[in-house]
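>>> got a predicted structure plus its sequence, pasted below:
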Amino acid sequence: QIQVEESGGGMVQGGGSLRLSCAATGRSFSAYAMAWFRQAPGKEREFVAAISWNGENTYYGDSVKGRFTISRGDARNTVYLQMASLKSEETAVYYCAAGRPWSESDYRTSQGYNYWGQGTQVTVSS
């Protein structure tokens with residue numbers, strides 16, 4: 001069983017930066033890919049970024065490419081999402097997920113992940 005917990009959310013002004021953390025516990029966590037998704041009120045859950053189990057491959061949603069960076073901690077049981085140049089429309093609950101996606105398309109969909117955190121709120125003021 002793997003448990004996932006996010007932290008680091010909060011309020012930030014537009015154009016500012018924020019770093020989210022995701023800690024996972026459980027057997028063989030280091031063998032899992034990790035991802036961040038977000039969901040704004042009244043909208044569907046959106047893929048943000050993902051990283052392979054060994055950190056060698058990263059994937060980003062088009063809207064965050066060049067501004068967000070996903071990375072794994074040295075012990076590989078922690079994943080970070082560094083967000084820069086934040087926009088008010090990126091206000092959402094950000095979720096961390098763990099799984100074993102088979103293809104790049106799987107990395108980008110929620111179906112590729114089995115374990116989810118409770119989410120952390122990010123509010124970007126305009």
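Noted; the coordinates are in hand. What you see is a predicted model, and the numbers here were worked out from it, not measured in a lab.

>>> now the strands for this protein?
3-7, 10-13, 18-25, 33-39, 46-51, 58-60, 68-72, 78-83, 92-99, 115-116, 120-125 (DSSP state E).

>>> so what's the spatially most central residue of the chain up against?
By CA atoms, centre = their mean, the mean C-alpha position of the chain lies nearest to Trp36, the distance being 1.8 Å. Trp36 makes contacts with Leu20, Cys22, Val48, Ala49, Ala50, Ile70, Val79, Leu81, Tyr94, Tyr95, Cys96, Ala97, as judged by CB atoms under 8 Å, 6 or more residues apart in numbering. Yep, even glycine has a C-beta here, placed from its N, CA and C like the rest.

>>> can I get the strands of the chain in CSV with mean pLDDT and distance to Asp106?
Output for those, formatted as CSV (pLDDT from 0 to 100; distance: least, CB to CB, whole Å):
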stretch, mean pLDDT, distance to Asp106
strand 3-7, 95, 18
strand 10-13, 97, 31
strand 18-25, 94, 19
strand 33-39, 97, 9
strand 46-51, 98, 9
strand 58-60, 98, 10
strand 68-72, 97, 16
strand 78-83, 96, 17
strand 92-99, 96, 8
strand 115-116, 95, 15
strand 120-125, 98, 24
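
>>> turn those into TSV, columns for distance to Ser105.
Putting the strands of the chain into TSV (distance: least, CB to CB, whole Å) gives the following:
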stretch	distance to Ser105
strand 3-7	22
strand 10-13	31
strand 18-25	22
strand 33-39	13
strand 46-51	10
strand 58-60	10
strand 68-72	17
strand 78-83	20
strand 92-99	13
strand 115-116	19
strand 120-125	26
